[in-house]
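> need coordinates for the following:
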Amino acid sequence: MRFERPDIIRPPSEWKSYFLPLTKGCSNNSCAFCGYYGSRLQVREISEVKEEINALSLYMGTGIRLSAVPDIVYHIARGWDGKRIFLQDGDALIYPFPKLKEILEYLNEKFPHLERIATYATPQDILRRDPDELRTLKELKLGIFYTGLESGWDEVLLKVGKGVNSYQIIEAGKRARQAGINMSLTVILGLAGVEGSRKHAVETARVLSEIDPEYAGALTLTLVSGTPLYRQGREGIFHPISPFESLEELRTIIENSNFTGCFFSSMHASNYQAVRGKLPQEKERMIGELNYALGRRDPSLLRPEFLRGL
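I've put the predicted structure just below:
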């Protein structure tokens, strides 16, 4: 079956990267909140990946465009500074290791000035790689994994079909860090609904602290049409938290976290309030900003619904 190039879904910090697809979709397609729910993973042939790398190298070196190459390649390349590559899609680390190694070697050969390669990586993806494989990837400039923690509470992880428990997530995070690969972890405010809000936040802070990542970010749950959690919300089975309850969860996570040096952010457009800073150094300031909004309960202090999104 012909490989279908995925839409560009990327972490905000990868906005200057070149987006190179190795897969489309996600092998862990059972997460009840995710737009990849029920999707079928497609794996791109290595020959096709190399053809794109060759076309990109030719264009960057000479400006020559090949008619057989999709326009999107050149559209992305026009704004690329040649320093970073982001491997698509939601599950690129599942690409067979020998082929992944070959692609990274080829990228380094064609673009010797690359500074970093990045990818989304599920905890399962990381655990499939032994420490030597991870160190090899690091040597080939795969420098950061963007991983969805979602929640540190095992009950929530089970309910939403994450496919791993908190112990496995901690193990995956530590394995990557021991290999020298940075971790950027994402948590989802509101994932436990109203009833589990407090425990979700406390347990999420616990797991974040155990991994002690270089980066962590919070999103606020948005119910995506077609997902099980969306249906549960429509049927009244799942009870979403309010905007101010999301700030309470965010405050609880920051209060209960114990990092040695983590840049924490809630700048994502799904959130009702944006805070960011280095933890633990700026913990007091960040909590103070949340306390200000929570003390006033003024909706005008929050990001309006029409500006929220994924």
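
> wasn't residue 99 part of a strand?
No: using DSSP: H, G, I helix; E, B strand; the rest coil, the assignment for residue 99 is helix, not a strand.

> and the gap between it and residue 22?
9 Å (CB to CB, to the nearest Å). Any C-beta I mention is one placed from the backbone N, CA and C, and that applies to glycine too.

> okay, the two: which has more neighbours?
Remark: of residue 99 and residue 22, residue 22 carries more neighbours, 25 against 15, as counted by other CB atoms under 10 Å.

> just checking, the more buried one touches residue 88?
Yes: with contact defined as CB atoms under 8 Å, residue 22 counts as touching residue 88 (6.7 Å).

> would you map the helices across the chain?
Per DSSP state H, the chain carries helices over the ranges 46-62, 71-78, 97-110, 123-128, 131-139, 154-159, 166-178, 197-211, 228-234, 243-256, 283-296.

> compare the ones you listed and give me the one nearest residue 308.
Closest to residue 308 of the helices of the chain, according to CB to CB: helix 243-256, at 9.3 Å.

> that closest one packs against which elements?
With contacts taken as 3 or more CB pairs under 8 Å, 6 or more residues apart in numbering; DSSP states H and E, helix 243-256 sits against strand 182-189, helix 197-211, strand 215-220, helix 283-296.

> redo the ones you listed as a markdown table? Include mean neighbour count, distance to residue 40 and mean pLDDT.
Putting the helices and strands packed on helix 243-256 into a markdown table (neighbours: other CB atoms under 10 Å; distance: least, CB to CB, whole Å; pLDDT from 0 to 100) gives the following:
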| stretch | mean neighbour count | distance to residue 40 | mean pLDDT |
| --- | --- | --- | --- |
| strand 182-189 | 22 | 23 | 97 |
| helix 197-211 | 21 | 30 | 98 |
| strand 215-220 | 22 | 25 | 96 |
| helix 283-296 | 14 | 40 | 96 |
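
> would you list these in a markdown table and tack on distance to residue 29?
Shown next, in a markdown table, are these (distance: least, CB to CB, whole Å):
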| stretch | distance to residue 29 |
| --- | --- |
| strand 182-189 | 17 |
| helix 197-211 | 23 |
| strand 215-220 | 19 |
| helix 283-296 | 34 |
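
> of these, which is nearest residue 151?
Of all the helices and strands packed on helix 243-256, helix 197-211 comes closest under CB to CB, at 5.4 Å.

> ok, residues contacting that closest one?
149, 151-154, 156, 166, 169-170, 173-174, 177, 183, 185, 187, 189-192, 216, 241, 245, 248-250, 252-259, 262 (CB atoms under 8 Å, 6 or more residues apart in numbering).

> same thing but at 7 Å, please
Helix 197-211 is contacted by residues 149, 151-153, 156, 166, 169-170, 173-174, 183, 185, 187, 191-192, 216, 241, 245, 249, 252-253, 256-259 when judged by CB atoms under 7 Å, 6 or more residues apart in numbering.
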